[in-house]
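>>> following is a predicted model, sequence given first.
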Amino acid sequence: MNKRLPTFRRALPPALCALALAAAAAHAVVAPNPASLLSTRNILVINGTETSGDHRNARVALSTKLAGLRTTVGFTMTEVSGASPPTSLDAYDIIIFNYWFNNQNSSATFQNAFRAWVNSTNKKRGWVGMHTSGANEVNEWNWLRDSVTSMLYVVHSSAAQLGTVRKTQDTAVLNHPIMAAMADTFRAVDEWYEFGYGPTWAGEHGVKVMYYLDYATIANPL
């Protein structure tokens, strides 16, 4: 049974929020910040391949933000096209799927390399999926759906609509330093989604929800 806990573009991992919040203006010239936990990280960005429309525009906007943050913080970043993602991933600390919708159609070689990267225990790693970057429906990329995104995704039936997003009340999440400057609520127009919990949702290393949609604030059911 699907849980009525739709989230705003997924529950954003701490790495993504750090990237989004700290991003500097593109024109700023700032010395790298060696105190940042991200300053020594090597980041791979796999970009989607759409050439027009809102998805392309959002993807480009995130790339611009990441470039500004790289100037501010000093991490290493490599951007590649989702049409030909690399299969040697061990050097990367963080991998970002930036509006890369068709990752379920990527080669078995890449899928196996990414799975090995996720399961590696030699260092801490982080994955960020922007928009529908995780293949969440049956037979798209079942391992990614079950092991990484942990959401059994259901396509929405309603058009974009206004809703209120609220900060989690989970004390363990609220006590994380990144949450200190985050608003308690915000309003947004979006295409809201429903999902059922995947097998790795719960537990010590499971999904940590930072924000959730207040279902009572939307006009039309999903």
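Perfect, thanks for sending it.

>>> what is the burial count for the nearest residue to residue 157 once chain neighbours are set aside?
In space, and not counting its chain neighbours, residue 157 is closest to residue 222: 6.5 Å by Cβ to Cβ, 6 or more residues apart in numbering. Any C-beta I mention is one placed from the backbone N, CA and C, and that applies to glycine too. A total of 18 residues lie near residue 222 under the criterion other Cβ atoms under 10 Å.

>>> cool, and residue 220?
For residue 220, using other Cβ under 10 Å, the count is 10.

>>> that one against residue 162, yeah?
No - applying Cβ atoms under 8 Å as the test, residue 220 and residue 162 come out as separate, 10.3 Å apart.

>>> centre of the chain to the longest helix anywhere in the chain, how far?
Ranked by residue count, the top helix of the chain under DSSP state H comes out as helix 53-73. Here helix 53-73 shows a centroid-to-chain-centroid distance of 13 Å under the convention Cα atoms, centre = their mean, to the nearest Å.

>>> likewise stretch 179-189?
17 Å.

>>> repeat for stretch 151-159
17 Å.

>>> quick one: mean pLDDT over that stretch.
If you average the pLDDT over stretch 151-159, you get 77.

>>> what about that stretch, start to end distance?
21 Å (Cα to Cα, to the nearest Å).

>>> how about that stretch: buried residues?
151, 152, 153, 156 (16 or more other Cβ atoms under 10 Å).

>>> for residue 98, grab the count of nearby residues.
Neighbours of residue 98 (other Cβ under 10 Å): 21.

>>> assumed residue 78 was part of a strand.
Yes - according to DSSP: H, G, I helix; E, B strand; the rest coil, the state of residue 78 is that of a strand.

>>> I'd say it and residue 43 touch.
Yes - Residue 78 is in contact with residue 43 according to Cβ under 8 Å; the separation is 7.3 Å.

>>> the residue nearest the centre of the chain - nearest residue in space that isn't next to it in sequence?
In the chain, the residue lying closest to the centroid (Cα atoms, centre = their mean) is residue 129, at 3.0 Å. Once flanking residues are discounted, residue 129 sits nearest to residue 97: 4.8 Å by Cβ to Cβ, 6+ apart.

>>> what mean pLDDT does the helix or strand encompassing the one you found have?
Applying DSSP states H and E as the criterion places residue 97 in strand 94-98. Mean pLDDT, strand 94-98: 94.

>>> same check, this time on stretch 44-53
92.

>>> how about the strands in the chain?
Assigned by DSSP state E, the strands in the chain fall at 42-47, 76-81, 94-98, 126-130, 151-154, 161-167, 185-190, 194-197, 211-214.

>>> I figured residue 109 hits residue 87, correct?
Yes - the pair residue 109 / residue 87 is scored as a contact, 4.9 Å apart, by Cβ under 8 Å.

>>> with neighbour numbers in mind, choose between the two.
Taking other Cβ under 10 Å, residue 109 and residue 87 do not tie; residue 87 has more neighbours (14 against 10).

>>> let me see the contact set for the more buried one.
Residue 87 makes contact with 107, 109, 110, 113, according to Cβ atoms under 8 Å, 6 or more residues apart in numbering.

>>> JSON lines for those, including pLDDT and distance to residue 55?
Compiled in JSON lines, the contacts of residue 87 are given as follows (pLDDT from 0 to 100; distance: Cβ to Cβ, whole Å):
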{"residue": "107", "pLDDT": "86", "distance to residue 55": "22"}
{"residue": "109", "pLDDT": "91", "distance to residue 55": "26"}
{"residue": "110", "pLDDT": "92", "distance to residue 55": "21"}
{"residue": "113", "pLDDT": "95", "distance to residue 55": "25"}
